[in-house]
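1. Show me the folded form of this:
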Amino acid sequence: MHYPEISVIIPTHNNGPELFNALKSVVGQDLVCSGGCKLDIIVVNDASGAEAQPFLQQLLERYPQVRLIAHDTQKGPAAARNTGIRTARGELISFLDADDEWPLNKLSILLPLLEDREVDVAGGKIKYLLQNGTPALHMKYEDDENRLSHVHLGALLVRRRIFQQAFFFDESLGYSEDIDWWLRLKEQQVKIVLVEATTLLYHVHGNNMSVHKSIKELQLLKVLHKAAQRRKNNTKMSHIPQLKDYRIQKEDPLISVILPLYNGKDLVTKSIGSVLGQSYTNWELLVVDDGSTDGGANFISSHYPRARIIRQANAGVAAARNKGIGHASGEIIAFLDQDDEWMPDKLRLQWEVLKQDPYCAFVTCNQYFVCEEDIVLPANFSERLREEHRGLVPSALLIRKQALLQVHNFDESLDVSSDFDLIRRLRKAGLGEKNVEHLLLRKWYHGANASLNKAVLRKEILGLLHRQIRNQ
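-> Residues are numbered from 1 along each chain as shown. You can find the predicted model right below:
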């Protein structure tokens, strides 16, 4: 397979022999050697001193395919990269610092990921290589190969089109311009995918620009302040994924299932059984006993050893859900009411949606109502509830814990409409949502459903409408 041309941009300032090693790792890529990939190599000389000129001349003699562009005055790495971007010919762009190297299979690892035309950025892990005599860095590696997953341009492959959308580097930053760039990508929901393979060899030699610098020297506070200001100016504070959310080979995370319990001893057998029957198995079940008087918590403890019981004085279902969120170990949260029941693939199908879209904050599913035998339906019970429809209730949700915290969880002042209010605030915050178009939730009507208390519900819904009008 022949891939699009790749422009490789290498800024240099007073680099010596290490620059040759960097270039050797580029031209030696397995796809290049096999003829499957064409390179456009741009070395941007950021006003190197006279002592570096012989190396640059040798560079051109050894690698005649290199285009050498010079700055008259030193402008910094961000400006050097921007210069390279403006002259790039390739459909794809990659970067490499002059003192680092690529593993020889970097392009063969990342190029297939960009066959998906929606993907704009692909990357992998960084492997740290310490030169002899260099003190070890005080950092916790992810494995025994001294590898880390973090923001480093040299580990990435990027479509040039995103730079045409104004994603150039901020030249006012002497450091951390890559982090600033990365944050802007995430804020604009650029599609990014990361793999577990090594795509950059980072050489630690004691003279690295960012090694042993303080947070202030690295301008990280300035970068984070600018990001916070952008979000403040943007009325929609969309979900910002973590780095690990972009991994396409990640393991199934722990999902914390929160079940509020209030005098539901005779109801929970179906609900807890539906958790135990999930095809997704990496979950914890937190049962929050909201001051029950029917011994339901003890019944659950004796019959369902996987359930963890959390007790509180009676404070309402919103407070019970918030208590569960506070005790949750998982970064993904699901809710299940004591009178509801999940289909076996509920968690699995919803997690697949979150897994594929890091910018999606919560997923719902379809539901329908089932009525207990011998129950007389109220006159205002809509028969359409018996048909499959999208559920916007807590039992239909799978949501990132970060998103819940962002909107301050459930409103405990509301007795029966805190679930409606949560969806309202998630949407007001601009958080991404999707729905699994499968019937995954069965809601039971047994005559005592709190959400069907029409008088209280009507009063609270009117209050929520008033809040919405006042933009609260």
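2. got any ranges where the stretch 151-300 of the chain has weak pLDDT?
-> Residues of the stretch 151-300 of the chain that meet the criterion pLDDT under 70 lie in 206-215, 235-238.
3. all strands for it, in order.
-> Using DSSP state E, counting those that start in this stretch, the strands of the stretch 151-300 of the chain run over 156-159, 192-204, 255-261, 283-290.
4. Tell me the buried residues in the shortest one?
-> Within strand 156-159, the residues that count as buried by 16 or more other C-beta atoms under 10 Å are 156-159. All C-beta atoms are positioned from the backbone trio N, CA, C, and that covers glycine.
5. Same check on stretch 254-274?
-> 255-265, 267-269, 271-272, 274.
6. just stretch 19-39 next, same as before
-> Neighbour counts over stretch 19-39 (16+ other C-beta under 10 Å) mark 19-20, 22-23, 25-26, 29, 31-32, 37, 39 as buried.
7. To residue 52, which of the strands of the stretch 151-300 of the chain lies closest?
-> The closest of these to residue 52 is strand 192-204. By C-beta to C-beta, the value is 17.9 Å.
8. so where's the stretch 1-150 of the chain uncertain?
-> Along the stretch 1-150 of the chain, the parts satisfying pLDDT under 70 run over 133.
9. How about the residue sitting nearest the centre point of the chain, nearest residue that isn't a chain neighbour?
-> Of all residues in the chain, the one closest to the mean position by C-alpha atoms, centre = their mean is residue 241, 2.7 Å from it. Excluding the flanking residues, the one nearest residue 241 by C-beta to C-beta, 6 or more residues apart in numbering is residue 358, at 3.7 Å.
10. Would you check how far apart that neighbour and residue 336 are?
-> As judged by C-beta to C-beta, to the nearest Å, residue 358 and residue 336 stand 25 Å apart.
11. tell me the contacts of residue 148?
-> Counting by C-beta atoms under 8 Å, 6 or more residues apart in numbering, residue 148 touches 125-126, 128, 139, 141-142.
12. what about it, distance to residue 107?
-> 21 Å.
13. cool, residue 172 as well?
-> 32 Å.
14. Neighbour count: the two, which is higher?
-> The residue with more neighbours, out of residue 172 and residue 107, is residue 107; 25 against 13, by other C-beta atoms under 10 Å.
15. State whether that one is indeed within a helix.
-> Yes - looking at residue 107 with DSSP: H, G, I helix; E, B strand; the rest coil, it is inside a helix.
16. Begin at 24 from now on, thanks
-> Got it, the first residue is 24 from now on, which makes the last one we talked about residue 130.
17. is it true that residue 145 touches residue 180?
-> Yes - under the criterion of C-beta atoms under 8 Å, residue 145 makes contact with residue 180 at 4.9 Å.
18. what residues are shared contacts of the two?
-> Residues within reach of residue 145 and of residue 180 at once, by C-beta under 8 Å, 6+ apart, are 133, 136-137.
19. could the residues you listed be laid out in a markdown table, adding secondary structure and distance to residue 468?
-> Formatted as a markdown table, these follow (DSSP: H, G, I helix; E, B strand; the rest coil; distance: C-beta to C-beta, whole Å):
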| residue | secondary structure | distance to residue 468 |
| --- | --- | --- |
| 133 | helix | 53 |
| 136 | helix | 48 |
| 137 | helix | 50 |
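20. Could you pick out the buried ones from these?
-> Buried among the shared contacts of residue 145 and residue 180 (16+ other C-beta under 10 Å): 133, 136-137.
21. Between which two of the contacts of residue 171 is the distance greatest?
-> Across these, the longest distance by C-beta to C-beta is 13.5 Å; it joins 148 and 162.
22. Look at the two and report which has more neighbours.
-> When residue 148 and residue 162 are compared for neighbours, residue 148 comes out ahead with 21 against 9, by other C-beta under 10 Å.
23. Tell me if the more buried one really is in a strand.
-> Yes - counting by three-state DSSP, residue 148 falls inside a strand.
24. follow-up on the earlier one: and the buried residues of stretch 42-62, which of them are in helices?
-> Among the buried residues of stretch 42-62, DSSP state H puts 42-43, 45-46, 48-49, 54-55 in helices.
25. Check these and tell me the two furthest apart.
-> 42 and 54 (22.1 Å).
26. Please parse the protein into its domains.
-> Using automatic domain parsing, the domain parsing of the chain gives 29-269, 278-492.
27. rewinding a little: export the buried residues of stretch 42-62 to a markdown table and tack on distance to residue 317?
-> Shown next, in a markdown table, are the buried residues of stretch 42-62 (distance: C-beta to C-beta, whole Å):
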| residue | distance to residue 317 |
| --- | --- |
| 42 | 75 |
| 43 | 77 |
| 45 | 70 |
| 46 | 74 |
| 48 | 69 |
| 49 | 70 |
| 52 | 68 |
| 54 | 67 |
| 55 | 71 |
| 60 | 68 |
| 62 | 72 |
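28. buried stuff in stretch 304-322?
-> 306-313, 315, 319-320, 322.
29. Which parts of the stretch 274-423 of the chain are helices?
-> 291-299, 319-326, 340-350, 369-379 (DSSP state H, counting those that start in this stretch).
30. how far out from the middle of the chain is the second one?
-> Its chain's C-alpha centre lies 37 Å from the corresponding centre of helix 319-326 when counted by C-alpha atoms, centre = their mean, to the nearest Å.
31. Low-confidence stretches in the stretch 374-495 of the chain?
-> 395-409, 469-495.
32. So residue 159 belongs to a strand, correct?
-> No - under three-state DSSP, residue 159 sits outside any strand and is assigned coil.
33. That one and residue 153 touch, don't they?
-> Yes - between residue 159 and residue 153 there is a contact under C-beta under 8 Å: 6.5 Å.
34. Might you report the residue contacts of residue 119?
-> 31-33, 45, 48-49, 125, 177.
35. what helix or strand is residue 461 on?
-> In this assignment (DSSP states H and E), residue 461 forms part of strand 455-468.
36. So for that strand, what gets flagged as buried?
-> 455-459, 463-468.
37. go on, stretch 172-189?
-> Residues of stretch 172-189 classed as buried by neighbour count (16+ other C-beta under 10 Å): 172, 174-183, 185-186.
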